[in-house]
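**Student:** Sharing a model that was predicted from the sequence below.
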Amino acid sequence: MQSNTTKNSPMEHTDATFHVAPSLGHLKHMTDRVGLVQHARLGEPFYDEGYSIDDNARALTLMCDLSQEENGDHADLADLASRYLVYVTDAWNPASKRFRNFKSAELQWLEEQGSEDCHGRALHALGHAANCTAWNDIAADARSSFEEALASTASFTSPRAWAFTLFGIDEYLQSGEDQCCAAQYRSLLARRLLNLYQLIATDDWPWLEEVLTYCNAKLPHALLRSGYAMGRDDMIETALGMITWLAEIHTGDTRNFVPIGSNGFYPKNGHRAVFDQQPIEAHAIVASSLDAYRLTSDRFWFDEAIRAFQWFLGHNHLGIPVGNPETGACYDGLHQDRPNLNLGAESTLAYLLSCAEMRNHASACRAR
């Protein structure tokens, strides 16, 4: 991945944006019989830090997205999807009614239960897989696991766990009959997000937390999708306002996408961190903007998706492509003066998911 300073405007290279079909070579290199290895040192799997449900859940979601494409080796995708699904389902701890997260290189679970956020990510992936029409056996197993694990979320206090769960619920409800009262959980969790916004938001801080941290766009994105499904105009209006505010914050002097930095984030009444910039933030904006465009037909959101995606292509402060279509790998982030040259699972999946979602959107538009 060589430096390639770009001076193009964010709206150029639209054709490339839609048709990039990166290799899965690096993802496969990071995957073994257990699942997806969490971290990398440069381009090599760093087995010492083991595996996580977060990354295997995201990888399962990616396989389901790729299964919608006409071209591709679906048998190969199914094999990978099965491995990621097995990791997720094996992580379920029936004693605690929670998912475990981390597994060591020696294949030992490192806790009895993971965080609420990782539980929500697991449900997101399981709901997505339950609605995957390409593989009936995978869909059936995912649906069963989703139904068993959903009830635990009623006691959760993490807004991101609510949001991740809402994505899973949305997909699950499209897959067939509601066997676990998922619609009721959607109402519960979506109302919690809205209530939190009403409690915390102010005119100059239209947000539902006192600090912008990570995966910020997932919060209004989940509220937006749930609001449309439930016919709640108040949720839709609130969600669109939040995503619009994020778009303003993410706009740099050059009009390029500039995510919230992980070294301090952005506390209310505080200073906004610009570095380090993480690929997962670009993906969150790509996904939320594409859904906003799909639901509203407002061209603004389509342009926002392109702008965030082009961060991967080199429209960033370093002018360096972050994702590599030849290998499917992605840098672990951007420092102020250089990229993080490690090619870990989270970053690679952020890039690959963004590519898949852009292509699936383009295909859906062509099919209309």
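**Tutor:** Right, received. Where do you want to start?

**Student:** Please name the residues that touch the residue nearest to the spatial centre of the chain.
**Tutor:** Closest to where the C-alpha atoms of the chain average out (CA atoms, centre = their mean) is Ala284, at 5.5 Å. Taking CB atoms under 8 Å, 6 or more residues apart in numbering, we find Ala284 in contact with Cys215, Asn216, Ala217, Lys218, His221. C-beta: built from backbone N, CA, C; applies to glycine.

**Student:** What is the three-state secondary structure of Val86?
**Tutor:** Assigned state for Val86: helix (three-state reduction, DSSP: H, G, I helix; E, B strand; the rest coil).

**Student:** What is the burial count for it?
**Tutor:** Per other CB atoms under 10 Å, the neighbour tally for Val86 reads 16.

**Student:** How many residues are close by the nearest residue to it once chain neighbours are set aside?
**Tutor:** Using CB to CB, 6 or more residues apart in numbering and skipping the chain neighbours, the partner closest in space to Val86 is Gly35 (7.3 Å). Residues within reach of Gly35, counting by other CB under 10 Å, total 27.

**Student:** same thing with Ser262?
**Tutor:** 16.

**Student:** What of Thr213?
**Tutor:** 12.

**Student:** okay, it: pLDDT?
**Tutor:** At Thr213, the model reports a pLDDT of 97.

**Student:** do the same with Pro10
**Tutor:** 36.

**Student:** and the residue nearest to the centre of the chain, what helix or strand is that in?
**Tutor:** helix 279-296 (DSSP states H and E).

**Student:** The helix or strand following that helix vs helix 279-296, what angle?
**Tutor:** The first helix or strand that comes after helix 279-296 along the chain, using DSSP H and E, is helix 299-313. Using axes from the mean of the first three to the mean of the last three CA atoms, to 10 degrees, one finds that helix 299-313 and helix 279-296 are set 160 degrees apart in direction.

**Student:** Distance from the helix or strand following helix 299-313 to the middle of the chain?
**Tutor:** Downstream of helix 299-313, the next assigned helix or strand under DSSP H and E is strand 323-324. Relative to its chain's centre, strand 323-324 lies at 17 Å (CA atoms, centre = their mean, to the nearest Å).

**Student:** any idea which helix or strand comes after strand 323-324?
**Tutor:** Following strand 323-324 in sequence order, the next helix or strand is strand 329-330 (DSSP H and E).

**Student:** Quickly run through the sheet partners of that next one, with directions.
**Tutor:** strand 323-324 (antiparallel) (DSSP bridges).

**Student:** residues in contact with the strand it pairs with?
**Tutor:** When contacts are defined by CB under 8 Å, 6+ apart, strand 323-324 is touched by residues Met1, Pro22, His26, Pro279, Phe312, Leu313, Ala329, Cys330, Tyr331, Tyr351, Cys355.

**Student:** In the protein, which helix is the longest?
**Tutor:** helix 345-367 (DSSP state H).

**Student:** Now do the buried residues in it.
**Tutor:** Of all the residues in helix 345-367, those buried under the rule 16 or more other CB atoms under 10 Å are 345-359, 361.
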